[in-house]
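[1] Here is my input, please return the structure:
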Amino acid sequence: MFDLWRDRRARRAQIEPDDIVRAETHVRAFSLTLRGPDAIHIAIAQRLGATLVTFDRRMATAARMLGLAVAGA
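    Next up is the predicted model:
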């Protein structure tokens with residue numbers, strides 16, 4: 001079911017160099033307690049103005065702290 005949902009509702013995004021720079025900034029903000037891959041996902045969602053969908057509570061909390069809309073956890 002996930003693949004069907006993804007094909008119908010989601011769009012793929014390429015990682016851009018600025019996403020990595022932003023993600024590094026997020027990782028270095030120790031109050032966010034983000035792991036690198038989570039920080040990259042958040043940075044991409046920020047660039048796209050997208051809602052982040054996650055079941056990871058730590059990631060959701062950090063994203064909200066950064067002003068990003070979150071669906072899920």
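[2] what sits against Ala71?
    51-53 (Cβ atoms under 8 Å, 6 or more residues apart in numbering). Just so you know, the C-beta spots here come from the backbone N, C-alpha and C atoms, and that holds for glycine as well.
[3] quick one, strands of the protein?
    Assigned by DSSP state E, the strands in the chain fall at 52-54, 70-72.
[4] Show me where the protein dips below the pLDDT cut-off.
    Counting by pLDDT under 70, the chain contains no low-confidence range.
[5] related to what we said a few turns ago, mean neighbour count, the strands of the chain: which tops it?
    Across those, the average number of neighbours (mean count of other Cβ atoms under 10 Å) peaks for strand 52-54, which reaches a mean of 18.
[6] what lines up beside that one in the sheet?
    strand 70-72 (parallel) (DSSP bridges).
[7] from the chain's centre, how far out does the partner strand sit?
    Offset of strand 70-72 from its chain centre (Cα atoms, centre = their mean, to the nearest Å): 10 Å.
[8] buried stuff in stretch 53-60?
    54, 59-60 (16 or more other Cβ atoms under 10 Å).
[9] want to throw those into a markdown table with distance to Ala13?
    A markdown table is the format used below for those (distance: Cβ to Cβ, whole Å):
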| residue | distance to Ala13 |
| --- | --- |
| Thr54 | 15 |
| Met59 | 17 |
| Ala60 | 19 |
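[10] Without its sequence neighbours, what residue ends up closest to the residue nearest in space to the middle of the chain?
    By Cα atoms, centre = their mean, the chain has its centre lying nearest to Ile42, at 2.2 Å. Once flanking residues are discounted, Ile42 sits nearest to Ala63: 5.1 Å by Cβ to Cβ, 6 or more residues apart in numbering.
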